[in-house]
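> here is the input, now give the coordinates:
(2 chains)
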Number of protein chains: 2
Amino acid sequence: MVRIVDVRERTVSLRSEIQNAWISFQEMDTSLVAVISDVVRGGTPVVGYGFGSNGRYSQGGLLRNRFFPRLLAADPADYAAGDDLTIDPERAWSIVMRNEKPGGHGERSVAVGVLDMALWDLAAKLQGVPLVRMLSDRYGDGRPDDSVFVYAAGGYYSPGRPIADLQDEMRQYLDAGYTHVKLKIGLGSLADDMRRIEAVIAVVGAADHVAVDANARFDVATALAYAVAMEPLGLWWYEEPVDPLDYEGLRQVREAYGGRVATGENLFSVTAWIPLATSSRSIPR
Amino acid sequence: MVRIVDVRERTVSLRSEIQNAWISFQEMDTSLVAVISDVVRGGTPVVGYGFGSNGRYSQGGLLRNRFFPRLLAADPADYAAGDDLTIDPERAWSIVMRNEKPGGHGERSVAVGVLDMALWDLAAKLQGVPLVRMLSDRYGDGRPDDSVFVYAAGGYYSPGRPIADLQDEMRQYLDAGYTHVKLKIGLGSLADDMRRIEAVIAVVGAADHVAVDANARFDVATALAYAVAMEPLGLWWYEEPVDPLDYEGLRQVREAYGGRVATGENLFSVTAWIPLATSSRSIPR
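Below is the predicted model of the structure:
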């Protein structure tokens, strides 16, 4: 039976001069997590790794105060997989979330998420299969996709940035093989943002390959003004026009804007999830 | 102009053997916060204090990593009140929440809440008025209530606890002057809980002075079974029957149960708040 002998967190800076419409990344950081097992292969322990995303900061306090101690205090039988050769990340998750009140899934889900990623990485390594294979066998049809669609999310603001520099960034994405991009809007004026969006479309060559993200900056009136201005462009999507919890505002934007409206990244309070598309490969279409 | 010269957090244990239907309090702790100003009176600095509630743990990590540094790095002019004799807690809150993404208000609101309490305490002390007076002048009609209704929330589970012990606890509340009580349900069987509820009613003397709290333990079917069993009792209210984010489940319970259903304590995701009553003094009626 596999035992988790140590769990470690390291906070790393993601500091940069970029900003979106809502936040600056000057003080941004995130957590790296290592889950260390007692299984030794080739002289080194098998370790699962996880890392947080950009935007909600490191979570070392929550991890060290609550979630690591629960995992380390648990009986390995309580997170063992059926065959005892690996761990069961879902059982480990239940241990980590013991004595946590339901609801209020904010920072906690960021902390538990980075740990969860490390647990899955460890489970797959112990099993000796790629994680995509383990997930497909467990939750899918056993035939994992051999490719995944990704797009380049960039186009941040930085002080005094000329439009030509934004266009250069987008050219680099195209050169790297990306076909679709996203840029930030909402920090400047509507007129400035329209020039930025049109400049990006000119580089990418197709408006429906360009999404925009306001990072919840707008009030409803401003969001609607952008909707009216942008709709003729035929953009890929218009993301987070207003506060993610302003459901009424989102409804108004959704009804006013003929294109796609996206939100959800900062919604931690839904019990059912409506995916954008049934397969990741169908997203660009 | 007042300067905040230091902010300190201390984690204190709230460990006890009690448990509600969802969590044990064996590892419970909370944060105490002190906000220290550069104003000295009678040889000691004026300090604002705040403390967290029971149930969502201490928040020293978030406070020290993000919220304290922002406050301490700020220009005192940015949190000064108009007359420079005290601080403006709303302006201080805006500093603390800089570069925080909207949405996902979980632990973050617990951390900022305890700091916010200390900031308001400091503001009132610097102004030399009770906080109730400052709040009434600022947000109310300048005539603060001279009394506030409170009820005794208890009736927790503990291992092997006899019903007579539960009744003794309720008698102590009545002896202390409380007229209304709440007890925990949902950890035992429905039959056991009905005996506990009826035993508490027998002590309190009026079912509509007794509320019950399931702490989001039930699935919808169980919540409905409790609703049917409890409705004839005419209880004060039935709290958190299901997961706070299970809006559809709450609707079903609300429609099935003739009495009052309460929730919201673990909802961090509403933009508008519908108060139970327009004045705290009207709640028991």
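> low-confidence ranges in chain A?
Chain A contains residues with pLDDT under 70 at A:271-285.
> for the residue of the stretch 1-150 of chain A found nearest chain B, the count of nearby residues, please.
Using C-beta to the nearest C-beta, the single residue of the stretch 1-150 of chain A nearest to chain B is A:Gly61, 1.0 Å away. Yep, even glycine has a C-beta here, placed from its N, CA and C like the rest. Neighbour count for A:Gly61, taken as other C-beta atoms under 10 Å in any protein chain shown: 24.
> confirm it sits in a helix?
Yes. A:Gly61: assigned to a helix according to DSSP: H, G, I helix; E, B strand; the rest coil.
> ok, the closest residue to it other than its chain neighbours - contacts?
Among residues not flanking A:Gly61 along the chain, B:Gly61 sits closest, at 1.0 Å (C-beta to C-beta, 6 or more residues apart in numbering or on different chains). Residues in contact with B:Gly61 (C-beta atoms under 8 Å, 6 or more residues apart in numbering or on different chains) are A:Gln59, A:Gly60, A:Gly61, A:Leu62, A:Arg64, A:Asn65.
> the residue lying closest to A:Asn54 once chain neighbours are set aside - how many residues pack around it?
Leaving out its chain neighbours, the residue that sits closest to A:Asn54 by C-beta to C-beta, 6+ apart is A:Leu14, at 5.6 Å. As a burial measure, A:Leu14 scores 16 neighbours (other C-beta under 10 Å).
> is any part of stretch A:228-241 close to chain B?
No. Remark: stretch A:228-241 sits outside contact range of chain B, by C-beta under 8 Å from any C-beta of the partner chain, the gap being at least 8.5 Å.
> still on that earlier bit, how near is the residue of the stretch 1-150 of chain A closest to chain B to A:Thr11?
In this view, A:Gly61 and A:Thr11 are 10 Å apart by C-beta to C-beta, to the nearest Å.
> need the overlap of contacts for these two.
Shared contacts of A:Gly61 and A:Thr11, defined by C-beta under 8 Å, 6+ apart, comprise B:Asn65.
> the residue nearest to A:Asn54 touches A:Glu27, doesn't it?
No. Counting by C-beta atoms under 8 Å, A:Glu27 is not a contact partner of A:Leu14; they are 9.3 Å apart.
> for A:Val242, which non-adjacent residue is closest in space?
Per C-beta to C-beta, 6+ apart, closest to A:Val242 is A:Gly249, 4.0 Å.
> hmm, the one you found is touching A:Asp243, no?
Yes. A:Gly249 is within contact range of A:Asp243, at 6.9 Å (criterion: C-beta under 8 Å).
> please enumerate the strands of the stretch 151-285 of chain A.
Under the criterion DSSP state E, counting those that start in this stretch, strands of the stretch 151-285 of chain A are mapped to A:152-154, A:181-184, A:210-213, A:238-239, A:261-262.
> list the contacts of the last one.
Looking back up the chat, that one is strand A:261-262. Here strand A:261-262 makes contact (C-beta under 8 Å, 6+ apart) with A:Ala211, A:Trp237, A:Tyr238, A:Glu239, A:Glu240, A:Pro241, A:Leu250, A:Val253, A:Arg254, A:Leu276.
> secondary structure element for A:Val46?
strand A:44-51 (DSSP states H and E).
> pull the longest strand from chain A.
Ranked by number of residues, the top strand in chain A under DSSP state E is strand A:29-41.
> check which helices and strands it sits against.
Helices and strands touching strand A:29-41, by 3 or more C-beta pairs under 8 Å, 6 or more residues apart in numbering or on different chains; DSSP states H and E, are strand A:4-13, strand A:44-51, helix A:107-127.
> out of those, which one sits most buried?
Of all the helices and strands packed on strand A:29-41, helix A:107-127 carries the top mean neighbour count, a mean of 23, counting by mean count of other C-beta atoms under 10 Å in any protein chain shown.
> near chain B, anything from that one?
Yes. Helix A:107-127 is in contact with chain B by C-beta under 8 Å from any C-beta, via A:Glu107, A:Arg108, A:Ser109.
> contacting residues around the first one?
Contacts of A:Glu107 were listed using C-beta under 8 Å, 6+ apart, and they are A:Arg56, A:Gln59, A:Leu62, B:Leu62, B:Gly104, B:Gly106, B:Glu107, B:Arg108.
> what's around the second one, how many residues?
Spelled out, that is A:Gln59. Neighbour count for A:Gln59, taken as other C-beta under 10 Å: 29.
> tell me who's in contact with the nearest residue to it once chain neighbours are set aside.
Once flanking residues are discounted, A:Gln59 sits nearest to A:Ala111: 3.6 Å by C-beta to C-beta, 6+ apart. For A:Ala111, the contacting residues are A:Ser31, A:Gln59, A:Leu62, A:Leu63, A:Phe67, by C-beta under 8 Å, 6+ apart.
> from A:Ser94, how far off is the nearest residue to A:Thr86 once chain neighbours are set aside?
Nearest residue to A:Thr86 in three dimensions, chain neighbours excluded: A:Leu126, at 3.8 Å (C-beta to C-beta, 6+ apart). Per C-beta to C-beta, A:Leu126 is found 19 Å from A:Ser94.
> the residue nearest to the spatial centre of chain A in helix, strand or coil?
Closest residue to the average C-alpha location of chain A: A:Ser53 at 5.8 Å, with C-alpha atoms, centre = their mean. Secondary structure for A:Ser53, judged by three-state DSSP, is coil.
> contacting residues around the closest residue to it other than its chain neighbours?
Once flanking residues are discounted, A:Ser53 sits nearest to A:Thr30: 6.9 Å by C-beta to C-beta, 6+ apart. Residues near A:Thr30 by C-beta under 8 Å, 6+ apart: A:Thr11, A:Val12, A:Leu14, A:Phe51, A:Gly52, A:Ser53, A:Asn54, A:Tyr57, A:Ser58, A:Val114.
> please redo it, this time with the cut-off set to 7 Å
Residues in contact with A:Thr30, defined by C-beta atoms under 7 Å, 6 or more residues apart in numbering or on different chains, are A:Val12, A:Leu14, A:Phe51, A:Gly52, A:Ser53, A:Asn54, A:Ser58.
> same question for A:Leu267.
Neighbour list for A:Leu267: A:Pro244, B:Gly103 [criterion: C-beta under 7 Å, 6+ apart].
> check A:Ala152 too.
Going by C-beta under 7 Å, 6+ apart, A:Ala152 touches A:Tyr173, A:Tyr178, A:Val181.
> closest to chain B among the residues you listed?
Nearest member of the contacts of A:Ala152 to chain B, counting by C-beta to the nearest C-beta, is A:Val181, at 21.5 Å.
> what sits up against stretch A:233-242?
Taking C-beta under 7 Å, 6+ apart as the rule, stretch A:233-242 contacts A:180, A:197, A:201, A:207-216, A:218-220, A:223, A:226-227, A:230, A:249-250, A:253, A:257, A:259-263.
> at 8 Å instead, please
If you take C-beta under 8 Å, 6+ apart as the criterion, stretch A:233-242 is touched by A:180, A:182, A:197-198, A:201, A:207-216, A:218-220, A:223, A:226-227, A:230, A:249-250, A:253, A:257, A:259-263, A:265-266, A:284.
> ok, stretch A:221-232 next?
The list of residues contacting stretch A:221-232 from outside it, by C-beta under 8 Å, 6+ apart, reads A:185-186, A:190, A:193-194, A:197, A:212, A:214, A:218, A:238, A:241-242, A:249, A:252-253, A:256-259.
> thank you kindly, that will do.
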